[in-house]
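**Student:** task: produce atomic coordinates for the following.
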Amino acid sequence: MNEKRLIVNADDFGMSRGISDGILLAHRFGFLTSASLMVNMPATDYAVEHLASAPALSIGVHLNICQGKPISPAHDVPSLVDASGDFHPPPVMIRKLWLWQISTQELEAEFRAQIRWMKCRGIHPTHADSHHHTHIYPAATVAFARSAMAEGISCVRASRFSCWPTNRILGGPHEGGIVRRLLVQSYRGVLQRTLFRGFHSADSRISFPCEARRDSTNLGALWKITFENLPTGTFELACHPGFSERGFSESDAIHRQREDELDWLTNPEMRAVIQRSGIHLISYRQLSAGNIAARAEDNHAVTRVA
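**Tutor:** Here you go, the predicted structure:
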């Protein structure tokens with residue numbers, strides 16, 4: 001394939017009303033193509049109610065095991081929750097995943113409960129990913145893959161990270177020293193080629209050097225240079241747009257980044273850069289449909305030859 005294809009996906013749909021409104025605006029007036037829904041957040045129902053205004057928006061599931069309460073009864077998933085029945089916060093949950101202190105059976109049950117919550121409301125997720133990328137930790141990978149497969153989800157977020165231009169970043173845009181970066185890069189590549197190989201994914205997810213991810217001041221320039229240097233293939237830009245919201249944004253560590261990303265997603269100049277760079281914007285729904293069509297064409301060609 002000699003085409004440049006880009007999925008622009010917003011995480012955290014349903015986390016707050018401001019975030020949900022920002023995502024819908026970025027789709028309607030910008031170049032956002034997909035979004036991932038959190039099903040256990042205060043504004044989840046609000047987000048679902050407003051989906052009618054965005055029929056072309058591809059909606060996936062943002063599986064969440066580190067914020068809020070589980071969809072499953074807390075007593076059915078005791079390794080995932082604290083004494084109050086809430087999920088363990090991200091630092092605790094990630095440590096427990098590293099140490100294999102989580103029941104994979106409980107994890108799969110909760111993942112499937114979240115997917116079924118969406119399906120019961122008439123939304124079949126076009127793709128699956130997770131909050132704080134918890135699905136790529138070794139203790140969670142099998143439960144994630146089994147859940148997505150069992151619930152009929154054909155697309156998952158790429159585990160590979162890449163950034164462009166790449167000539168100055170040996171080991172990829174990961175945290176830590178070069179040895180750690182090379183190990184993480186290898187692990188993510190192996191994960192995509194093995195456990196997740198049965199799913200449709202982008203070739204890689206776009207990321208940026210770790211210092212740039214902590215400061216959204218130069219976000220527009222980073223996006224611009226990335227689009228201008230994007231190679232052929234299929235890639236995903238994961239983003240977190242949203243409006244500020246009183247009572248929520250005060251405690252949201254990336255509230256400034258959300259507003260900056262919303263500005264750039266709706267900026268005509270950035271859309272022009274994408275067009276000049278020959279990038280074709282697609283959604284996860286189109287990724288799945290395109291791969292199915294390609295396989296059908298391949299099978300037809302084999303039949304004709306036979």
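**Student:** drop to CA atoms for contacts and neighbour counts, all remaining ones
**Tutor:** Will do.
**Student:** next, name the residue at the spatial heart of this protein.
**Tutor:** In the chain, the residue lying closest to the centroid (CA atoms, centre = their mean) is D129, at 4.7 Å.
**Student:** so what pLDDT did that residue get?
**Tutor:** On the pLDDT scale, D129 is placed at 98.
**Student:** helix, strand, or coil at it?
**Tutor:** Put simply, D129 is strand when judged by DSSP: H, G, I helix; E, B strand; the rest coil.
**Student:** and what of E108?
**Tutor:** From three-state DSSP, the assignment for E108 is helix.
**Student:** neighbours around it, how many?
**Tutor:** Residue neighbour count, defined by other CA atoms under 10 Å, stands at 21 for E108.
**Student:** got any ranges where the stretch 1-150 of the chain has weak pLDDT?
**Tutor:** Scanning the stretch 1-150 of the chain for pLDDT under 70 picks out the ranges 1.
**Student:** can you give me the strands in it?
**Tutor:** 4-13, 34-37, 58-63, 128-130 (DSSP state E, counting those that start in this stretch).
**Student:** next, format these as TSV and append distance to L195.
**Tutor:** Supplementary listing: the strands of the stretch 1-150 of the chain in TSV, determined by distance: least, CA to CA, whole Å:
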stretch	distance to L195
strand 4-13	22
strand 34-37	21
strand 58-63	18
strand 128-130	14
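**Student:** just the buried residues of stretch 143-156, please?
**Tutor:** 143-145, 147-148, 151, 153-156 (16 or more other CA atoms under 10 Å).
**Student:** what's the straight distance from one end of that stretch to the other?
**Tutor:** 13 Å (CA to CA, to the nearest Å).
**Student:** residues in contact with it?
**Tutor:** Applying CA atoms under 8 Å, 6 or more residues apart in numbering, the contact partners of stretch 143-156 are 104-105, 107-109, 111-112, 115-116, 125-129, 135, 195-196, 199-201, 284, 287-288.
**Student:** now the buried members of those.
**Tutor:** 104, 107-109, 111-112, 115-116, 125-129, 135, 196, 199-201, 284, 287-288.
**Student:** restricted to helices, list those residues.
**Tutor:** In this view, the buried ones among the contacts of stretch 143-156 that belong to helices under DSSP state H are 104, 107-109, 111-112, 115-116, 284, 287-288.
**Student:** just name the closest of those to D82, please.
**Tutor:** Closest approach to D82 among these (CA to CA): L107, at 14.6 Å.
**Student:** so where's the stretch 151-300 of the chain shaky on pLDDT?
**Tutor:** For the stretch 151-300 of the chain (pLDDT under 70), the answer is 166-172, 209-215, 290-300.
**Student:** what ranges do the strands span in it?
**Tutor:** Using DSSP E, counting those that start in this stretch, strands in the stretch 151-300 of the chain cover 161-162, 204-206, 233-239, 279-282.
**Student:** I'd like the ones you listed laid out as CSV, including mean neighbour count and distance to F227.
**Tutor:** Rendered in CSV, the data for the strands of the stretch 151-300 of the chain read as follows (neighbours: other CA atoms under 10 Å; distance: least, CA to CA, whole Å):
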stretch, mean neighbour count, distance to F227
strand 161-162, 20, 13
strand 204-206, 21, 10
strand 233-239, 20, 10
strand 279-282, 18, 8
